[in-house]
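Visitor: any chance you could fold what I've pasted below:
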Amino acid sequence: MKELTLNNVKIGSSAIVSRLGSIGPLKRRLIDMGITPGVRIKVKKTAPLGDPLEIELRGYELSIRRSEAGNIFIKSEEKGSESNG
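Guide: Modelled structure (predicted):
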């Protein structure tokens with residue numbers, strides 16, 4: 001099964017964080033924001049030009065850059081969406 005990152009999740013979809021791919025200060029910052037393995041994240045919307053993403057997790061909304069989202073590896077929560085392309 002191909003590993004996906006948060007920046008590949010469609011708007012309105014949810015996913016579970018499987019691991020963080022970054023190291024150092026960025027990883028610490030993501031953890032401090034509550035993005036840890038096992039947490040459920042819903043992609044709410046994106047800015048008009050596609051960056052940043054607005055996500056919802058742990059009862060609050062957060063905006064993150066697509067480059068940061070590319071370091072968040074996820075497992076899709078949607079059944080039957082193994083790979084549509």
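
Visitor: show the contacting residues for residue 70.
Guide: Going by CB atoms under 8 Å, 6 or more residues apart in numbering, residue 70 touches 5-7, 21. Placement of C-beta: from N, CA and C, glycine included.

Visitor: which of those residues count as buried?
Guide: Among those, those classed as buried by neighbour count (16 or more other CB atoms under 10 Å) are 5-7.

Visitor: and which of these is nearest to residue 54?
Guide: For the buried ones among the contacts of residue 70, the residue nearest residue 54 by CB to CB is residue 6; the value is 11.9 Å.

Visitor: could you work out the most separated pair of the contacts of residue 70?
Guide: By the measure CB to CB, 7 and 21 form the most distant pair in these, at 11.5 Å.

Visitor: flag every buried residue along stretch 44-53.
Guide: Quick answer for stretch 44-53 (16+ other CB under 10 Å): 46, 52-53.

Visitor: CA atoms of the lengthiest helix in the chain as CSV?
Guide: Using DSSP state H, we find that the single longest helix of the chain is helix 25-32. Taking Å, rounded to 0.1, in the frame of the first residue of the first chain, the C-alpha atoms of helix 25-32 are listed here in CSV:
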residue,chain,number,x,y,z
PRO,A,25,12.5,22.0,14.7
LEU,A,26,9.7,21.2,12.1
LYS,A,27,8.9,17.9,13.8
ARG,A,28,8.8,19.5,17.2
ARG,A,29,6.5,22.3,15.9
LEU,A,30,4.1,19.8,14.4
ILE,A,31,4.0,17.8,17.6
ASP,A,32,3.5,21.0,19.6
